[in-house]
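Chemist: need a structure here:
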Amino acid sequence: MNAPPRNRPPLPPVPVRGHTLLCLQGFRGEGYDPMFTAHMAAIHEKLFRQPSLSVRVIRKPDTFCHSCPNLDGEKGCRLHGPESESRMAEQDRQVMQLLSIENEEVLTWDEIVKRISGRIRASMLDTLCGNCPWLPLGYCKEALDRLSREAGAPSFRPQK
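Modeler: Model (predicted):
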C-alpha cells in the first residue's frame, strides 16, 4: 500500500517589481540577452500556468532583474544610465498605487491580474512606462486590451 502524499510546504512568494507586473502581461520571449529571456520566460510560464502562486510586490530589483545585464549590484537598474533605478522605482510606485498594492505585499498572481484588468488600460502605458524600449512594439498594450476583453482571466500565451 502506498503512503499518502505529504503536504509540501508552499513555495515562497515570487518577488516582482511593481512595473514588472505590467511587463509580464506583454512578454513574448524577447529580452536583453538569452539568460535574461530564458529566466523571464520560465517564471512567466509558471505564473500564468499556476495563477494561485504567491507574488511579493516590491519597489526594487526583483527576480527578473537579477538575470538582467543592466543590473548594477546595489545601484540597481542602469538601462538608461545612472538615474534608471530611481525612475524604475517611481514606475513601481505608480503601478502599485493604481493597483492598491503596498510595498512587500503578497498576493496571488490571479488577484494581481484581476486588479490589472480592472484598473489599468493600454492607453495609460505611454505615461506609466515612459521610455521603455519595449513599449513601441505594442506587446503590452495588446496584452492589456486582451486582458480587459477577457475580464481579467489569467491565461498563458506562449511566447512567439
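Chemist: in the sheet, who's paired with the closest residue to T63 other than its chain neighbours?
Modeler: Nearest residue to T63 in three dimensions, chain neighbours excluded: P15, at 5.2 Å (C-beta to C-beta, 6 or more residues apart in numbering). Every C-beta, even on glycine, is put in place using the N, C-alpha and C of the backbone. Beta bridges link P15 to R56, judged by DSSP bridges.
Chemist: quick check, P15 in contact with H66.
Modeler: No: in this structure, P15 is not within contact of H66 by C-beta atoms under 8 Å, at 9.3 Å.
Chemist: and the two? Which one has more around it.
Modeler: P15 (19 against 11; other C-beta atoms under 10 Å).
Chemist: got the buried residues for the helix or strand harbouring F36?
Modeler: Assigned by DSSP states H and E, F36 falls within helix 34-49. The neighbour-count check on helix 34-49 (16 or more other C-beta atoms under 10 Å) flags F36, T37, H39, M40, A41, I43, H44, L47, F48 as buried.
Chemist: my guess is the fourth one meets F27, correct?
Modeler: Yes: the pair formed by M40 and F27 meets the contact definition of C-beta under 8 Å, at 6.3 Å.
Chemist: need the pLDDT of the closest residue to H44 other than its chain neighbours.
Modeler: Leaving aside its sequence neighbours, H44 sits nearest to F27 (C-beta to C-beta, 6+ apart; 5.1 Å). F27 is assigned a predicted lDDT (pLDDT) of 92.
Chemist: ok, now which ones touch F27?
Modeler: The contact partners of F27, by C-beta atoms under 8 Å, 6 or more residues apart in numbering, come to M40, A41, H44, Y139, Q159.
Chemist: which of those scores worst on pLDDT?
Modeler: Q159 (47).
Chemist: where do the strands sit along the protein?
Modeler: Using DSSP state E, the strands of the chain run over 14-17, 54-58, 71-72, 76-77, 106-108.
Chemist: fine by me, we can end here.
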